[in-house]
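>>> with the input below, show me the fold.
(2 chains)
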Amino acid sequence: GDSVTQMEGPVTLSEEAFLTINCTYTATGYPSLFWYVQYPGEGLQLLLKATKADDKGSNKGFEATYRKETTSFHLEKGSVQVSDSAVYFCALSIFGNQFYFGTGTSLTVIP
Amino acid sequence: NAGVTQTPKFRVLKTGQSMTLLCAQDMNHEYMYWYRQDPGMGLRLIHYSVGEGTTAKGEVPDGYNVSRLKKQNFLLGLESAAPSQTSVYFCASSYSRLAGAETQYFGPGTRLLVL
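Okay, the predicted model is just below:
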């Protein structure tokens, strides 16, 4: 079945470090891919998305490229800030029928 | 725009009690969803609705019922609460299921504790 697997956390980085959170997917069709972010005590917010192969989603310095050949959608940021501390969820949607979320990766950035 | 709002924010129930969680959206979205979030399990879809008057089961529907009498509201009911239903519940909505327009917008969540 359709699913998303993302790297387990928690991840702790120093401010200005490089961030990668891995996400791979299994899908029977051609999914849209998403990264959501959840700040403490809040709901999920869309961070970025890509709807077809080779698309790059970007927002707030975060980037992810839809790689069909490796079925991946890894999240990257060149220089993290303390304010980036949150839980990050990778997700896929096929025809919008249902979203499949990963288990979430907790990121803590220390000054 | 308030976006997606949820009521209540926090609730404690005793086993066997019933309650209704309310979700409201002011974005004129057709699609609405209820998820539960448990540690280490991400989000799991409980029920969803593709329009006013319609509902469908998601991944974990047992023990829950839903209703969508008005386009802007999606209610989640627990008829007889069980400790296994202790969780954080999120409502979400989306404009369309078409690729590129299926982004889901989430409410702030309802934390439910069943004793």
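
>>> for A:Phe101, give the beta-bridge partners.
Beta bridges link A:Phe101 to A:Ala91, judged by DSSP bridges.

>>> now residue 69: phi and psi?
Because you didn't say which chain, this covers chain A. phi -70, psi -30 (degrees, to the nearest 10).

>>> got the contact list for the closest residue to A:Cys90 other than its chain neighbours?
Closest residue in space to A:Cys90, ignoring its immediate chain neighbours: A:Cys23 at 3.6 Å, by CB to CB, 6 or more residues apart in numbering or on different chains. Backbone N, C-alpha and C define where each C-beta goes, glycine included. A:Cys23 makes contact with A:4-7, A:33, A:35, A:64, A:72-75, A:90, A:102, according to CB atoms under 8 Å, 6 or more residues apart in numbering or on different chains.

>>> distance of A:Cys23 relative to B:His47?
26 Å (CB to CB, to the nearest Å).

>>> pLDDT weak spots in chain B?
For chain B, the stretches flagged by pLDDT under 70 are B:1, B:97-101.

>>> now the one residue sitting closest to the centre of it: phi and psi?
With distances taken as CA atoms, centre = their mean, B:Trp34 lies nearest the centre of chain B, 2.6 Å away. When read as degrees, to the nearest 10, the backbone of B:Trp34 gives phi -120, psi 130.

>>> pretty sure it contacts B:His47?
Yes: if you go by CB atoms under 8 Å, B:Trp34 and B:His47 touch, sitting 5.3 Å apart.

>>> overlap of the contact sets of these two?
Residues touching both B:Trp34 and B:His47 by CB under 8 Å, 6+ apart: B:Gly58, B:Tyr64, B:Val66, B:Leu76.

>>> so which of those residues reach chain A?
Among the shared contacts of B:Trp34 and B:His47, proximity to chain A is found for B:Gly58 (CB under 8 Å from any CB of the partner chain).

>>> partner strands of the host helix or strand of B:Thr5, parallel or antiparallel?
Per DSSP states H and E, B:Thr5 falls inside strand B:4-7. Neighbouring strands of strand B:4-7 in its sheet, by DSSP bridges, are strand B:19-25 (antiparallel).

>>> and the partner strand, what's buried?
B:Met19, B:Leu21, B:Cys23, B:Ala24, B:Gln25 (16 or more other CB atoms under 10 Å in any protein chain shown).

>>> tell me what the first one is bridged to.
Judged by DSSP bridges, the bridge partners of B:Met19 are B:Leu78.

>>> can you tell me if stretch A:103-111 touches chain B.
Yes: residues of stretch A:103-111 contacting chain B under CB under 8 Å from any CB: A:Thr103, A:Gly104.
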